[in-house]
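*Asks:* Got a predicted structure plus its sequence, pasted below:
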Amino acid sequence: MARDYAERALWSMREAEQALDGGNTAICVRRSQEATELAAKAILRRLAIEYPREHDVSDAIAASVEKLPEYLRNRVEEIKSLLTELARVRGPAFYGYEIEGIPANQAFTKDYAAEILSKTKLLVNLCHRFATT
């Protein structure tokens, strides 16, 4: 299961890259969220930890910090922060800000999407390394 999650995280990350290259910042952010969530859950599966059935599993990652290899343990705060931020914008990346009348394709700047993707790449690659060893 951990390997499957890690592989699908890579796919989602690649889709996020393609979306950014194509100018679709909303899809980039949404796929980055999916990649990040899958990567974090791959870590928890690899540790045989049952994670909560929600998008933000940062608390479960934090509770498992002592079981993580050093290269992940040193990044737990970054991982938690990214998971929480992306869980928060998951809906707007798909639907936009409906009340404000802002469609998804106008909700995120290219700079923001590029920054999120950069953080996602780091996390996904580290998690893939751990989940597939």
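*Replies:* Ah, there it is. Nothing here was measured: the structure is a model prediction, and the numbers come from that model. Numbers count the residues shown, from 1 in each chain.
*Asks:* The nearest residue to residue 60 once chain neighbours are set aside: which element?
*Replies:* In this structure, residue 60 finds its nearest non-sequential neighbour in residue 51, 4.8 Å apart by CB to CB, 6 or more residues apart in numbering. All C-beta atoms are positioned from the backbone trio N, CA, C, and that covers glycine. Counting by DSSP states H and E, there is no helix or strand that carries residue 51.
*Asks:* Touching, residue 51 and residue 59? I think so.
*Replies:* No - using CB atoms under 8 Å as the test, residue 51 is too far from residue 59 to be in contact (9.5 Å).
*Asks:* These two - which one has more neighbours?
*Replies:* Legend: neighbour count by other CB atoms under 10 Å for residue 51 and residue 59, higher for residue 51 (17 against 14).
*Asks:* need the contact list for the residue nearest to residue 45 when sequence neighbours are not counted.
*Replies:* In this structure, residue 45 finds its nearest non-sequential neighbour in residue 2, 3.9 Å apart by CB to CB, 6+ apart. Contacts of residue 2 were listed using CB atoms under 8 Å, 6 or more residues apart in numbering, and they are 42, 43, 45, 46, 131, 132.
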